[in-house]
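# I would like to see how this sequence folds:
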Amino acid sequence: MNNSLSLRLPLLLPLFSAVVYSVAALFIKLAMSRGANSWSITFFSNLAMGAVFLPMLFFARDSWAPEHLGWALGAGALFFAGQIATFRALAGGDVSMATPALASKVVFVALLSLTVPGSRPDPDLWLAVGLTMAGMVLLNSGPRTQHASRPLITLGWALLAATAFAAADILVQVGAPRAGFTLFMPVMFGVVALISVPTLLPHLPRGEAAQAKPGAWRWGAAGIALLAFQATGFASSIGVYGDAAGANVVYGSRGLWSVLLVAIVARHLGVAEGTRDVRTLFLRLAGSILILAAVIAVVV
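All right, here's what the predicted structure looks like:
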């Protein structure tokens, strides 16, 4: 019994992170809809992630191997690129479109995992990948409202983010055990924070351009905090247990949670996509259920 539970723990962490991510994405979208600038959200989110992982430097120093930190530097650069693409996708389209589209990351992880020596993905994983892709077709189907006037741009940014994050996850899977998890993660997210200063700080609006509606940054701060918090669970599941492909299939369930959140609370919070027609929400819910089936295939 205990053995069974220990096998499930690496996949329960990304499942928990998926739920928290969906709430964070909705909060961030709400902040943006009230005037919070996407570059500012990205900048402070990256700084928050760097701060969340920093305390790890005080633990398990005896397992460090600094000569392998090149993996962390590469992972940090790729994660930074994924962050930029993610927030551009959220700024230009629906949460219930952008977030589920990020589920395509599992496909790129599965393919990239084949390059890892000794990695042989389980047949159930490929079934899960197929279900995830079928779910994505439904998630991105249905009529578009004027609010989602740039669906292809939204999907393009989301796919770019998925590719960058997938490559970063593979580097975490390979590099974290070599460099030491408590050294690798702070360096990786420290890189994300450091790159953000010269690249994003000049883009932050000032003066009148920085003004937003009341409450915008309250939602933005909550979303940023949750985003940083969920990153620790997801990154830990890969860095400690080394199953990037399985963790990403489970993490793909965030599409389901995003659609449900939009259907239940978005309209009450004032997010425009909460008024979307029933048929589109039904299609996206059906697609999310397929992704949930993929999660079950991997976990069970």
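
# counting contacts, what elements does the longest helix seen in the chain pack onto?
Of all segments of type helix in the chain, defined using DSSP state H, the longest is helix 2-33. Contact partners of helix 2-33 among helices and strands, from 3 or more CB pairs under 8 Å, 6 or more residues apart in numbering; DSSP states H and E: helix 38-53, helix 70-92, helix 95-101, helix 216-241, helix 244-251, helix 254-261, helix 278-299. The way it works is simple: take the backbone N, C-alpha and C, and place the C-beta from them, glycine included.

# from the chain's centre, how far out does the longest one sit?
Computed by CA atoms, centre = their mean, to the nearest Å, the chain-centroid distance of helix 216-241 equals 9 Å.

# So which bits of it are buried?
216-217, 219-239, 241 (16 or more other CB atoms under 10 Å).

# what's the neighbour count on V262?
Other residues near V262 come to 27 when the count uses other CB atoms under 10 Å.

# Can you list the residue ranges for helices in the stretch 101-250 of the chain?
Ranges of helices within the stretch 101-250 of the chain are 105-113, 123-139, 151-179, 181-200, 216-241, 244-251, based on DSSP state H, counting those that start in this stretch.

# The ones you listed: which one's closest to L15?
Closest of the helices of the stretch 101-250 of the chain to L15 is helix 244-251, at 5.0 Å (criterion: CB to CB).

# which secondary structure elements does that closest one contact?
Based on contacts counted as 3+ CB pairs under 8 Å, 6+ apart, the elements that helix 244-251 packs against are helix 2-33, helix 105-113, helix 123-139, helix 151-179, helix 216-241, helix 278-299.

# before we move on, the earlier item: any idea how far the longest helix of the chain is from the chain center?
The chain centroid and the centroid of helix 2-33 are separated by 9 Å under CA atoms, centre = their mean.

# nearest to A91, of the helices and strands packed on helix 244-251?
Put simply, out of these the one that sits nearest A91 is helix 2-33, at 5.6 Å, with distance taken as CB to CB.

# Show me the shaky parts of the stretch 101-250 of the chain.
Low-confidence segments of the stretch 101-250 of the chain (pLDDT under 70): 118-122, 139-151, 207-210.
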